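In: What follows is a predicted structure for the sequence shown.
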Amino acid sequence: MSSVTTSTSSAAPRRAMLTDPGYQAFVILRVGFAVAPILFGLDKFANLLVDWPAYLAPWIDDLVPGSAQAAMYAVGAIEIVAGLAVALAPRFGGWLVAGWLAGIIVNLLTIPGHYDIALRDFGLLLGAVALARLAQRYQAEQRP
């Protein structure tokens with residue numbers, strides 16, 4: 001007669017991990033930094049939320065080939081990839097998003113009137129760094 005048993009030794013640490021505030025912060029940041037870049041990346045193709053080309057600094061628009069909207073298509077694709085990287089490999093994806101946000105901040109600081117958005121994105125950059133650091137800890141603990 002066979003019976004299915006569950007290992008209480010593996011359930012207890014998992015339950016403890018779910019009550020750990022640090023792990024909860026890791027999960028919140030991981031979900032947020034996976035979902036937001038994917039949604040904003042997709043919107044670069046539709047411009048439903050914002051007129052995204054208006055946020056591209058003129059000097060960057062002069063550097064990239066094509067129109068500002070064409071540049072936003074590339075930006076959207078990169079943001080989708082960054083969101084997927086956070087979902088699949090947050091130790092790498094967190095740093096990727098932080099670097100991407102640093103580039104966005106430089107872009108915004110060169111457009112008069114967008115300093116408030118640059119400051120907000122700096123806060124997001126700090127969150128992405130926190131995610132990468134938390135992933136260093138919690139992903140290592142999840143490995144057998």
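Out: Arrived safely, thanks for sending.

In: confidence score at residue 7?
Out: pLDDT for residue 7: 52.

In: likewise residue 17?
Out: The model's pLDDT for residue 17 equals 76.

In: And for the closest residue to it other than its chain neighbours, the neighbour number?
Out: Counting by Cβ to Cβ, 6 or more residues apart in numbering, residue 17 lies nearest to residue 23, which is 5.1 Å off, once chain neighbours are set aside. To be clear about C-beta, it is placed using only N, CA and C from the backbone, and glycine gets the same treatment. Around residue 23 there are 17 other residues, counting by other Cβ atoms under 10 Å.

In: again, but for the one 3 residues further on
Out: Here the neighbour count serves as a burial measure; for residue 26 (other Cβ under 10 Å) it reads 23.

In: Contact partners for it?
Out: 90, 131, 134, 135, 137, 138 (Cβ atoms under 8 Å, 6 or more residues apart in numbering).

In: so which strand or helix has it?
Out: Applying DSSP states H and E as the criterion places residue 26 in helix 21-43.

In: Buried ones in that helix, by neighbour count?
Out: 23, 26, 29-30, 32-34, 36-38, 40-43 (16 or more other Cβ atoms under 10 Å).

In: Quick one: name whatever helix or strand follows that helix.
Out: Criterion used, DSSP H and E; the element after helix 21-43 is helix 58-63.

In: ok and the helix or strand just after that next one relative to helix 21-43, angle-wise?
Out: Per DSSP H and E, helix 58-63 leads on to helix 68-88 as the next helix or strand towards the C-terminus. Relative orientation of helix 68-88 versus helix 21-43 (axes from the mean of the first three to the mean of the last three Cα atoms, to 10 degrees): 150 degrees.

In: what's the helix of greatest length in the chain packed up against?
Out: Looking across the chain with DSSP state H, the single longest helix is helix 115-142. Counting contacts by 3 or more Cβ pairs under 8 Å, 6 or more residues apart in numbering; DSSP states H and E, helix 115-142 packs against helix 21-43, helix 90-109.
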